[in-house]
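In: No sequence on hand, only this structure:
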């Protein structure tokens, strides 16, 4: 139950309260206290019940379900992985190495590599011959043919086209078409259009602009007067009544509701704390009553009757049964260890018969030293020159 008081807030001087606030506070707090006490007691009872169910039922049930899930799912999967899939995978890897990798490596090393080297040598020789042919024969022949085509055909044809066709056509178009059309456009279109703009369109445009400016100023005066009239009408008909409604009706009602809400909130806080103290007292009374009616008799029976009986059962039944079970387990472990060693030796003999003796691996000095460190060293007899302290062991190592 959360019966602790909230941390004290720093003291702030409150504004002076009127008689309305004092008149509202006491009835509100009494009514709220009467309504909150049953709710707080029911809430505390639900909290205690929930904690008891969590500690006594849900947590042990969850642990039991977790253990059951491990026993039914996790441990079989681990056993299947460790004792079935991993050995089968190692066997498949070894079989694939013997049937695929070793033949593929031999084929690559003794067949494909020599063939590839021969093909590379032949390709290099052919490429060298083609490069010599291109550099010594094809390149000079191509340069000679290009020079003949360029200076024997292309240059004369270009000179003939330029000075026989292009230049005469350009002079004809320039002085027979372009110059007369330009003169006609200038004196028949441009000069009359300029005179019409200067003597007719410009004066008419200035007069139209002056008339439009006058109309715009007149329209602005009319709109300004209309806006002032609408402003005063809206202020008198809407703003002043709204301000009066806010100042004389809504603001006092809002202040009253704010005071009422604040007092209700303070009353709820006080009532909740007082109900917590009452609920704690009732809970302590019920806990004491439950302890003297149920817990103390059960404790006395456990200490006086069940404990001596349990000691007798432990000494006469459980300890001999545990010793017998340990002996059986020890014998079983020894039998399993001997069977495992026999299986390992049999597997090594079968591997030796199928694949022959393994080659001796080249062991580097550091790896040999690491292997020797992992091996247990024989304990020699202790003499006057030897010592078993940690400092001498570190020095010797």
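Out: Good, I have the coordinates. As the structure is a computational prediction, the values presented were derived from the model and not from experiment.
In: wait, what's in contact with residue 149?
Out: Contacts of residue 149 were listed using CB atoms under 8 Å, 6 or more residues apart in numbering, and none were found. No exception for glycine: its C-beta is placed from N, CA and C like everyone else's.
In: quick one: what helix or strand has it in it?
Out: When elements are defined using DSSP states H and E, residue 149 is found to belong to helix 139-149.
In: For the stretch 1-150 of the chain, which residues score under the pLDDT cut-off?
Out: The stretch 1-150 of the chain contains residues with pLDDT under 70 at 1-25.
In: how far away is residue 261 from residue 268?
Out: As for residue 261, its distance to residue 268 is 11 Å (criterion: CB to CB, to the nearest Å).
In: So, low pLDDT: which residues of the stretch 251-397 of the chain?
Out: Low-confidence regions of the stretch 251-397 of the chain, defined by pLDDT under 70, span residues 356-397.
In: Tell me which stretches of it form helices.
Out: Taking DSSP state H, counting those that start in this stretch, the helices of the stretch 251-397 of the chain run over residues 251-290, 296-301, 307-313, 319-355, 365-374, 390-396.
In: Of these, flag the one that's most buried.
Out: Stretch with highest mean neighbour count among the helices of the stretch 251-397 of the chain: helix 251-290 (a mean of 14; mean count of other CB atoms under 10 Å).
In: Dump the helices of the stretch 251-397 of the chain to TSV, plus distance to residue 131.
Out: Below are those laid out as TSV (distance: least, CB to CB, whole Å):
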stretch	distance to residue 131
helix 251-290	98
helix 296-301	107
helix 307-313	103
helix 319-355	53
helix 365-374	52
helix 390-396	71
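In: Any idea which of these gets closest to residue 52?
Out: helix 251-290 (11.8 Å; CB to CB).
In: how far out from the middle of the chain is the closest one?
Out: Here the centre of helix 251-290 is set off from its chain's centre by 44 Å, with CA atoms, centre = their mean, to the nearest Å.
In: Likewise for stretch 199-208?
Out: The gap between where stretch 199-208 is centred and where its chain is centred comes out at 74 Å by CA atoms, centre = their mean.
In: Which helix or strand lies directly C-terminal to the helix holding residue 149?
Out: Helices and strands here follow DSSP H and E; after helix 139-149, the next one along the chain is helix 155-161.
In: got the contact list for residue 40?
Out: By CB under 8 Å, 6+ apart, residue 40 lies in contact with 272, 275-276, 278-279.
In: list the buried ones in the helix or strand containing it?
Out: Counting by DSSP H and E, the secondary-structure element that holds residue 40 is helix 19-53. When neighbours are counted by 16 or more other CB atoms under 10 Å, the buried residues of helix 19-53 are found to be 24-25, 28-29, 32-33, 36-37, 40-41, 43-44.
In: now the angle between helix 251-290 and that helix, please.
Out: Orientation note: helix 19-53 sits at an angle of 40 degrees relative to helix 251-290 (axes from the mean of the first three to the mean of the last three CA atoms, to 10 degrees).
In: what's the distance between residue 315 and residue 51?
Out: Between residue 315 and residue 51 the computed distance is 39 Å (CB to CB).
In: The helix or strand harbouring residue 65: what's the following helix or strand?
Out: When secondary structure is defined using DSSP H and E, the element that contains residue 65 is helix 59-69. Towards the C-terminus, the helix or strand next in line after helix 59-69, according to DSSP H and E, is helix 75-80.
In: what's that following helix in contact with?
Out: Outside of helix 75-80, not a single residue reaches it under the criterion CB under 8 Å, 6+ apart.
In: What's the first helix or strand after that helix?
Out: The first helix or strand that comes after helix 75-80 along the chain, using DSSP H and E, is helix 86-96.
In: what angle separates that next one from helix 319-355?
Out: Taking the same axes, to 10 degrees, helix 86-96 and helix 319-355 form an angle of 10 degrees between their directions.
In: Run the chain-centre distance for helix 86-96.
Out: With CA atoms, centre = their mean as the basis, the mean position of helix 86-96 lies at 38 Å from the chain mean.
In: tally of neighbours for residue 234?
Out: One way to gauge burial is a neighbour count; for residue 234, by other CB atoms under 10 Å, it gives 11.
In: Quick check: which element contains it?
Out: Of the helices and strands defined by DSSP H and E, residue 234 is found in helix 202-234.
In: Quick one: mean pLDDT for the helix or strand following that helix?
Out: Once the chain leaves helix 202-234, the next helix or strand it forms, by DSSP H and E, is helix 240-245. Computed over helix 240-245, the mean pLDDT rounds to 89.
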